[in-house]
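> sequence-free structure coming up:
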């Protein structure tokens, strides 16, 4: 990772990606367990995690499987004026009912996933807040019926662990409730 003294890193180096991959498998694993599996010292894991977290490059969040706990999940496509998309995307990312946000199409289109507790909460965002947001030009919402994970290149940016490391980090218990799931 190239950076000047005192500057914030903007991309992950190979070990950072490996640590992020490990945390995506078990975000609750203790630093000592991560260090053992990644074959580094506890201090290295702690230092790297705190640096990534402090620079806003990594955040570990536990989210329930929405369909199991009755969440209303919708995939949104929000089109904005070019000078407003970043601010709208940042505001959406701060909301607790938004799972993820991406900025697309030349910086004018936002995609995100809502995870509302009630239909009223979902409708308040879709029918009241977003339509009244300045510089939002169009919104389309789609209810998520089923999720599929797998295929070539899925999570390619995080793949840094060997299969034995993945197996060592995978917590025991039932497999996630995904149709056609395939995990590396």
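Cool, got the structure. Every value quoted in this text rests on a predicted model; they were computed, and no experiment measured them.
> can I see the domain layout of this structure?
14-62, 66-143 (the TED database).
> and those domains as TSV, adding distance to residue 167?
All C-beta spots, glycine's among them, are computed from the backbone N, C-alpha and C. Shown next, in TSV, are those (distance: least, C-beta to C-beta, whole Å):
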stretch	distance to residue 167
domain 14-62	10
domain 66-143	24
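> which stretch in those domains has the least confidence?
Of all those, the minimum mean pLDDT falls on domain 66-143 (a mean of 87).
> So which residues of the chain form helices?
14-25, 31-38, 42-54, 66-69, 85-94, 119-123, 130-132, 163-169 (DSSP state H).
> Pick out the residue nearest the middle of the protein.
Centroid-nearest residue in the chain, with C-alpha atoms, centre = their mean: residue 100, separated by 5.4 Å.
> what's the burial count for the nearest residue to that one once chain neighbours are set aside?
Nearest residue to residue 100, sequence neighbours excluded (C-beta to C-beta, 6 or more residues apart in numbering): residue 113, at 5.4 Å. Using other C-beta atoms under 10 Å, the number of residues around residue 113 comes to 17.
> Residue 113 is in contact with residue 73, isn't it?
Yes: when contacts are counted by C-beta atoms under 8 Å, residue 113 is listed as touching residue 73 (6.4 Å).
> Name the residues contacting each of those two.
Common contacts of residue 113 and residue 73 (C-beta atoms under 8 Å, 6 or more residues apart in numbering): 99, 144.
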